[in-house]
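Colleague: Here's my sequence, what's the structure:
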Amino acid sequence: MDFLQQQGIQVKVIPGLLALTAGYGDKAREIFEESVTPISQALKSSPEPAKISSLLECLAIITFVGGNDTEETEKSMQIMWQVVHPKLSSNVVATKPSATVITAVVSAWSFLLTTMTGLKLNPKHWQESISYLSSLLDKDDQSVRIAAGEALALIFEIGSVEKFSGEVKGSIDVSTPEGCKNREGFSHVQGLKGKIINKVRDLSAEAGGKGSAKKDLNSQRNLFRDILDFFEDGYSPENTVKIGGESLNTSSWYQMIQLNFLKRFLGGGFIKHMQENEFLQDVFGFTPKKKHLLDDEYRISSTDKRMYKSPNSVVSKARTQLLNKQRMLSEGRNAGHYAANAGDEDF
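Modeller: Have a look, this model is predicted:
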């Protein structure tokens, strides 16, 4: 497609914006099917960090809107992962990805991970991905640390680490070779969790790096304090964005990651999209003010809002599950089990 030969910002805007504007349906599906392969090829050939970042954002958006099933989401996540972990032939030398590229990969990968529930875990692949993300917490670049911290918080939130650990723990039988491997895997994951929490605790107190402005340091400290609170006590951060006199509230990591990613992608057009785009309104369970005035059914009492925000309430958990499955349900499909495992060497 010609747009892939143009500037990175155009690559981002044309198919991604078209997909978001189209919302559910055949048009977004067509954009997805026509774009995945050329985007994948462009990611392998483009040396420019800015263009790679735009391609990754575009791939994330068209998959989020136009992807129909688990396998398609997994494929896009694998394509992203291979940008930082490429499959190399014997005569190819690996090039070290820049901080900009690493941040873009982790952010786009996390954005698609927010759509997954009922994960089928491959212990080997999850240990590798969690190990990689935890190693990024030691990087000098602030944006890399933030993206990695949010990704790890999301993995904890959707239960991936706990589910994997529980499955392994329940299946340990040291009298068999497989049981020994399971015990080793369980110990490895528990060790990783402890290291991640310790590193997050350090960053929550001294987050920063060389050349970071005081404002940036404070911002990062606040983020890692939120992550630490979640790891230790289960409290997710709550945020509010004002849109045309109404509040868009988020009370989970997956919602916050979705919101921040879409805000970055749409830039100054975010508010207008949230006021007029029914697809995005469905994603966040948001009703703009004009709809409130037209239909009292959209009104939510302050008591209900508090129930929705409560991290332990049945309503909150049910709403979280519903929003995660919104795309599938709107197409009249039953929500399937989602997997976060990829190929033999990636993810």
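Colleague: contacting residues for residue 83?
Modeller: Taking Cβ atoms under 8 Å, 6 or more residues apart in numbering, we find residue 83 in contact with 43, 52, 56, 97, 101, 105. Where C-beta positions appear, they are placed from N, C-alpha and C, glycine not excepted.
Colleague: ah, wrong one, I meant residue 53
Modeller: Residue 53 touches 8, 100, 101, 103, 104, counting by Cβ under 8 Å, 6+ apart.
Colleague: which element is it on?
Modeller: helix 49-66 (DSSP states H and E).
Colleague: how about that helix: buried residues?
Modeller: Buried residues in helix 49-66, counted by 16 or more other Cβ atoms under 10 Å: 49-66.
Colleague: Top of the contacts of residue 53 by number of neighbours, please.
Modeller: residue 104 (26 neighbours; other Cβ atoms under 10 Å).
Colleague: Kindly confirm my reading that that residue forms part of a helix.
Modeller: Yes: when classified by DSSP: H, G, I helix; E, B strand; the rest coil, residue 104 is found to be part of a helix.
Colleague: Return the residues in contact with it.
Modeller: Here residue 104 is in contact with 49, 52, 53, 56, 57 (Cβ under 8 Å, 6+ apart).
Colleague: circling back: and after the helix holding residue 53, which helix or strand comes next?
Modeller: Criterion used, DSSP H and E; the element after helix 49-66 is helix 70-84.
Colleague: need the strands for the stretch 151-300 of the chain, in chain order.
Modeller: Secondary structure of the stretch 151-300 of the chain (DSSP state E, counting those that start in this stretch): strands at 239-243, 246-250.
Colleague: Single out the most deeply packed of those strands.
Modeller: Highest mean neighbour count among the strands of the stretch 151-300 of the chain (mean count of other Cβ atoms under 10 Å): strand 246-250, with a mean of 17.
Colleague: CA atoms only for that strand, dumped as PDB, please.
Modeller: Coordinates of the C-alpha atoms in strand 246-250 are reproduced here as PDB (Å, rounded to 0.1, in the frame of the first residue of the first chain):
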ATOM      1  CA  GLU A 246     -18.900  14.700  31.500                       C
ATOM      2  CA  SER A 247     -16.200  12.600  33.300                       C
ATOM      3  CA  LEU A 248     -14.500   9.600  31.800                       C
ATOM      4  CA  ASN A 249     -13.300   7.600  34.700                       C
ATOM      5  CA  THR A 250     -10.800   4.700  34.700                       C
END
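Colleague: Would you mark the buried spots in stretch 277-292?
Modeller: 277, 279, 280, 281, 282, 283, 284, 286, 287, 288, 291.
Colleague: Find the residue closest to residue 156 in space, skipping its chain neighbours.
Modeller: residue 231 (6.3 Å; Cβ to Cβ, 6 or more residues apart in numbering).
Colleague: confidence score at that neighbour?
Modeller: Residue-level confidence at residue 231 comes out at 90, pLDDT.
Colleague: distance of it from residue 110?
Modeller: For residue 231, the distance to residue 110 (Cβ to Cβ, to the nearest Å) stands at 16 Å.
Colleague: cool, and residue 197?
Modeller: Residue 197 is 19 Å from residue 110, by Cβ to Cβ.
Colleague: Likewise for residue 23?
Modeller: Relative to residue 110, residue 23 is positioned 22 Å away (Cβ to Cβ).
Colleague: more neighbours, those two?
Modeller: residue 110 (27 against 19).
Colleague: For the host helix or strand of the more buried one, give the mean pLDDT please.
Modeller: Residue 110 belongs to helix 99-113 when assigned by DSSP H and E. In this model, helix 99-113 has an average pLDDT of 96.
Colleague: Check the burial of residue 132 by counting its neighbours.
Modeller: Around residue 132 there are 17 other residues, counting by other Cβ under 10 Å.
Colleague: how about the contacts of residue 83 in a markdown table, adding distance to residue 16?
Modeller: As requested, the contacts of residue 83 are exported to a markdown table (distance: Cβ to Cβ, whole Å):
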| residue | distance to residue 16 |
| --- | --- |
| 43 | 15 |
| 52 | 15 |
| 56 | 11 |
| 97 | 22 |
| 101 | 18 |
| 105 | 16 |
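Colleague: Show me which of the residues you listed is closest to residue 269.
Modeller: Each of these was scored against residue 269 by Cβ to Cβ, and residue 56 proved nearest at 19.4 Å.
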